[in-house]
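S.K.: sequence first, then the predicted structure, then my questions.
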Amino acid sequence: MLDLVILSLHFFACFLIAVAIWRGAKDVVLPSSSTGSTEMESDGLILIGKEDDIKKSQRITAKVDGREIVVFYHEGKFHALDSRCYHEGGPLCLGEIEDINGQACIVCPWHKYKITLETGEGLYEGINPLEPSPTPQWQSKGVKQRIHKVTIDNGNVYVSPPDLSVSFDSDYFADKYKNSGDLSMEK
């Protein structure tokens, strides 16, 4: 009976944490992105928003060619990547940013996968069992998440459309949620 009570408390605590994560999002959705449209400039760049607004909110989601992206402003730099995690499509716009070995990483709120903001590499902590006294070290899974080039011009933030000639693991979920009508955050 005591086990059942403890298990129930555990599930309730997990539920409260999930609600806190969901409600505590710092995400801002562009008004134009809710219709699935963003402004394309003559040079092919896509206007995401005002530099000062994004600096203030620290992150913003938008649609680029129907694809959900998230732009982060972290430690003086802008980073843009597909908003859905390459693993199971978790909403990266709701994740926290952590420093791992000097690299800024977004942590997927669903399964805690860590992705570098700079390169889109997936990171994991592993050991080399052949070492006499193995210690965990951060290692790369390779580039898994599509990143998008960010350009700042006259106080505006732009991204380049994705180069779809090269594929990334995150493309599956970008396509799955493409043109969904709104920037959906649920499974």
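M.R.: Received, thanks. Numbering: from 1, shown residues only.

S.K.: tell me the SS of the nearest residue to E75 once chain neighbours are set aside?
M.R.: Closest residue to E75 apart from its sequence neighbours, by Cβ to Cβ, 6 or more residues apart in numbering: A104 at 6.5 Å. (C-beta placed from N, C-alpha, C; glycine too.) Secondary structure assignment for A104 (DSSP: H, G, I helix; E, B strand; the rest coil): strand.

S.K.: hmm, A104 is touching E121, no?
M.R.: No - A104 lies out of contact with E121 (Cβ atoms under 8 Å); the separation is 11.7 Å.

S.K.: got any ranges where this protein has weak pLDDT?
M.R.: 2-42, 179-187 (pLDDT under 70).

S.K.: centroid-nearest residue for it?
M.R.: The chain has L92 as the residue nearest its centroid, 2.9 Å off, counting by Cα atoms, centre = their mean.

S.K.: hey, where'd the strands end up in this structure?
M.R.: 39-40, 46-50, 59-64, 67-74, 77-82, 96-100, 103-107, 114-116, 121-126, 137-143, 147-148, 150-153, 156-159 (DSSP state E).

S.K.: CA atoms of the longest one as CSV?
M.R.: If I follow you right, that is strand 67-74. Extracted as CSV, the C-alpha positions of strand 67-74 are listed here (Å, rounded to 0.1, in the frame of the first residue of the first chain):
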residue,chain,number,x,y,z
ARG,A,67,8.8,25.0,-41.5
GLU,A,68,8.8,25.8,-37.8
ILE,A,69,12.0,27.4,-36.7
VAL,A,70,13.2,28.9,-33.4
VAL,A,71,15.6,31.8,-33.1
PHE,A,72,17.5,32.1,-29.9
TYR,A,73,19.5,35.1,-28.6
HIS,A,74,22.1,33.8,-26.2
